[in-house]
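>>> Would you be able to build a 3D model of this:
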Amino acid sequence: MHFVKALIAAIAISLISPAAMAQTAKRSPQEFVKAAASSDMFEIRSSELALRKSQTSRVKEFARMMIKDHTTSSKRLLSAAKKDDLPVEPEMTSKHAAQLEALSKVSSESFDNAYVEARWQRIRGPWR
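As a prediction, the model looks like this:
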């Protein structure tokens, strides 16, 4: 459980960091919607992959939380975008798609480390 709590804390800190705020402040509303939607899709699909491939209950627990949280944020994003007449892309960006593809090729034995590393890469550079 400590692992999951530490990972959640790191994600929360990264999302409110000045660098993250500066990156999102430089984007147009459409760019933000595209990045946020793609990020949510990546988190949901990579976490679904984790539920299939992970061999660790803590990783699966974290993956379930990620699916729940990012499904909720996707619904909120869709609602907000609709109010502002902003289209939401139905597909991930090529970068997120490539990250998901790479993660899907990792063996079950190595998956947990790759999944956690993918989270850390995203924390180091929000909205990639």
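>>> Could you point out the helix or strand that follows the top helix by length along the chain?
Counting residues, the longest helix in the chain under DSSP state H turns out to be helix 57-83. Proceeding N to C from helix 57-83, the next assigned helix or strand is helix 94-104, under DSSP states H and E.
>>> in the longest helix of the chain, what's buried?
Using 16 or more other CB atoms under 10 Å as the test for burial, helix 57-83 gives 59, 60, 62, 63, 66, 67, 69, 70, 73, 74, 77, 81. Using the backbone N, CA and C atoms, a C-beta is placed for each residue, glycine as well.
>>> could you give the mean pLDDT of stretch 93-113?
Summarised as a single mean, pLDDT over stretch 93-113 is 94.
>>> could I have it exported to CSV, CA atoms only?
Taking C-alpha atoms only, stretch 93-113 is exported to CSV below (Å, rounded to 0.1, in the frame of the first residue of the first chain):
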residue,chain,number,x,y,z
THR,A,93,-1.6,11.3,-29.9
SER,A,94,1.0,9.4,-31.8
LYS,A,95,3.4,9.7,-28.8
HIS,A,96,0.9,8.2,-26.4
ALA,A,97,0.0,5.5,-28.9
ALA,A,98,3.7,4.6,-29.3
GLN,A,99,4.1,4.5,-25.5
LEU,A,100,1.2,2.1,-25.2
GLU,A,101,2.4,-0.1,-28.1
ALA,A,102,5.8,-0.4,-26.4
LEU,A,103,4.2,-1.2,-23.1
SER,A,104,2.0,-3.9,-24.7
LYS,A,105,5.1,-5.7,-26.0
VAL,A,106,6.7,-6.1,-22.6
SER,A,107,6.6,-9.6,-21.2
SER,A,108,4.4,-10.3,-18.2
GLU,A,109,7.5,-11.0,-16.1
SER,A,110,8.9,-7.5,-16.8
PHE,A,111,5.6,-5.7,-17.1
ASP,A,112,5.2,-4.2,-13.5
ASN,A,113,8.5,-2.4,-13.8
